[in-house]
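Q: predicted structure and sequence below. I'll ask about it afterward.
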Amino acid sequence: MAERERVVRMSVEQPLWRALTGYRVLTMVYAVLIFGFGREAFERPWIAVGYLAVLCVWTLATLPKVANAASCTRRFLGADLTVALVGILLTPLADTDAQTFDGPTLPSIWTAGSVLAYAIKGGWRWAGLASSLVAVANIVERGHPSRDTLHNVLLVWVASIAIGYVVEVARASERTLARALEIEAATRERERLARDIHDSVLQVLAMVQRRGTAIGGEAAELGRMAGEQEVALRTLVAGGLTRPSLVSEDESEGAVVRVVDVDEDDDSPVDLRLLLAPRAGARVTLSDPGAPVLLPPPAARELAAAVGAALDNVRVHAGDTAQAWILVEEWPDEVIVTVRDDGPGIPDGRLAQAEGEGRMGVALSIRGRLRELGGTAELISVPGQGTEVELKVPRGKAGRGR
């Protein structure tokens, strides 16, 4: 957090706002001096004096407005540009020869400060709008614009748009840097937690597994469960999960279910690997791509729940000694998750019989979930050769889950 605050303080915008503040004051003084040295050429000097008085008061009173992006509001930008445009259009009234000779307007180069404020605040699009209005005002003021007038107008237009574009690029770079610092800080924290866990929890679990196996009996079962927890915890640490996991135990069945909590109010894509990683254990092997497998949160949750249901079936029907494998495949148009085990398989007609008896685990927990996601669940089982469940979720329909 401290590093991110330093990035905010070092923002590239702040020097630009300070430079704009100094520019406005200096160009205000410059406009007054130009009028002071050439006031004899003005047929109606009182118009110029009145306008420059307003310009000086406005510039000094609004210095806090150009101190940062927060205080520089749209209303202020509109009023500031209006002051510049009025000064340009008043120039022929104060100096009737202004349309004949390419002399400076009443606000002179102070006008560019208003355009730059648009560029720093809103980027190149805002700068293009403001400079276009200034260009129109200059052309109207000249009546018959000369080549020099068109050159100056084009120069302001191109320069302001270029500055606005640079500001947008700088802002994007700052966001990238801030995100990189957040990831770096999270990585360091994860490494610290991994060291603490390795020095405490993992060592204890490993000791319980060794001692339980050596003692035998019920202690051996506790040792087996401790071994599964050790493998799962190592997977979580190595995978860098940043979201909390919920761990619950069913002592009657001797099973451990680990579920990663996903914020249901967050619409950002979820990495499916993070939801499936807690399912890995001593008897469950997870194979996934090296890159994140991103899905909408509803689809990721339902797909992970279907995988959990398939693993529950392995534990219940194939026994605690069965091995299971989870394979995650990501394709451009779909995500495929395959759950395979080396159990005894499912006899022919057993699924239909289970549905007829009201046991709807496969029909609802697996196929029902995939159906709501617009996907399919295919179950292949050969007696004596294990069971394979293939879950397919099309990307185009993945966001329609619950």
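A: Okay, I see it.
Q: identify the residues contacting residue 107.
A: Residues in contact with residue 107 (C-beta atoms under 8 Å, 6 or more residues apart in numbering) are 31, 55, 83, 84, 87, 88. For glycine as for every other residue, the C-beta is placed from the backbone atoms N, C-alpha and C.
Q: can I assume it sits in a strand?
A: No: counting by DSSP: H, G, I helix; E, B strand; the rest coil, residue 107 is not found in a strand; it is coil.
Q: and the closest residue in space to it that isn't next to it in sequence, what element?
A: What sits nearest to residue 107 in space, not counting adjacent residues and going by C-beta to C-beta, 6 or more residues apart in numbering, is residue 87, at 3.8 Å. Taking DSSP states H and E as the definition, one finds residue 87 inside helix 74-94.
Q: may I have that helix as CSV, with CA atoms only?
A: The C-alpha trace of helix 74-94 is given here as CSV (Å, rounded to 0.1, in the frame of the first residue of the first chain):
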residue,chain,number,x,y,z
ARG,A,74,-15.6,20.3,-16.3
ARG,A,75,-17.5,23.4,-15.3
PHE,A,76,-14.2,25.2,-14.6
LEU,A,77,-12.7,24.1,-18.0
GLY,A,78,-15.8,25.3,-19.8
ALA,A,79,-15.7,28.7,-18.0
ASP,A,80,-11.9,29.0,-18.6
LEU,A,81,-12.2,28.3,-22.3
THR,A,82,-15.0,30.8,-22.5
VAL,A,83,-12.8,33.6,-21.0
ALA,A,84,-10.2,32.8,-23.7
LEU,A,85,-12.7,32.7,-26.6
VAL,A,86,-14.3,36.0,-25.5
GLY,A,87,-10.9,37.7,-25.4
ILE,A,88,-10.2,36.5,-28.9
LEU,A,89,-13.5,37.8,-30.2
LEU,A,90,-13.2,41.1,-28.4
THR,A,91,-9.8,41.9,-30.1
PRO,A,92,-11.3,43.5,-33.2
LEU,A,93,-13.5,45.7,-31.1
ALA,A,94,-10.5,47.0,-29.1
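Q: can you name every helix or strand that the one helix or strand residue 27 maps to contacts?
A: Using DSSP H and E, residue 27 falls within helix 13-37. Here helix 13-37 touches helix 45-61, helix 110-122, helix 147-199, going by 3 or more C-beta pairs under 8 Å, 6 or more residues apart in numbering; DSSP states H and E.
Q: can you list contacts of the helix or strand encompassing residue 326?
A: Of the helices and strands defined by DSSP H and E, residue 326 is found in strand 324-330. When contacts are defined by C-beta under 8 Å, 6+ apart, strand 324-330 is touched by residues 272-273, 276, 279-280, 283-289, 291, 293, 307, 311, 314, 335-342.
Q: quick one on the thing from earlier: what's near enough to touch the residue nearest to residue 107?
A: Residue 87 makes contact with 51, 55, 105, 106, 107, 110, 111 under the criterion C-beta under 8 Å, 6+ apart.
Q: before we move on, the earlier item: just say which of the helices and strands packed on helix 13-37 is most tucked in.
A: Scoring these by mean neighbour count under mean count of other C-beta atoms under 10 Å gives helix 110-122 as the most buried, with a mean of 25.
Q: could you give the angle of that one to helix 13-37?
A: 170 degrees (axes from the mean of the first three to the mean of the last three C-alpha atoms, to 10 degrees).
Q: ok, then the element right after helix 110-122?
A: Going down the chain from helix 110-122, the next helix or strand is helix 124-142, by DSSP H and E.
Q: what helices and strands are in contact with that next one?
A: Where contact means 3+ C-beta pairs under 8 Å, 6+ apart, helix 124-142 is packed against helix 74-94, helix 110-122, helix 147-199.
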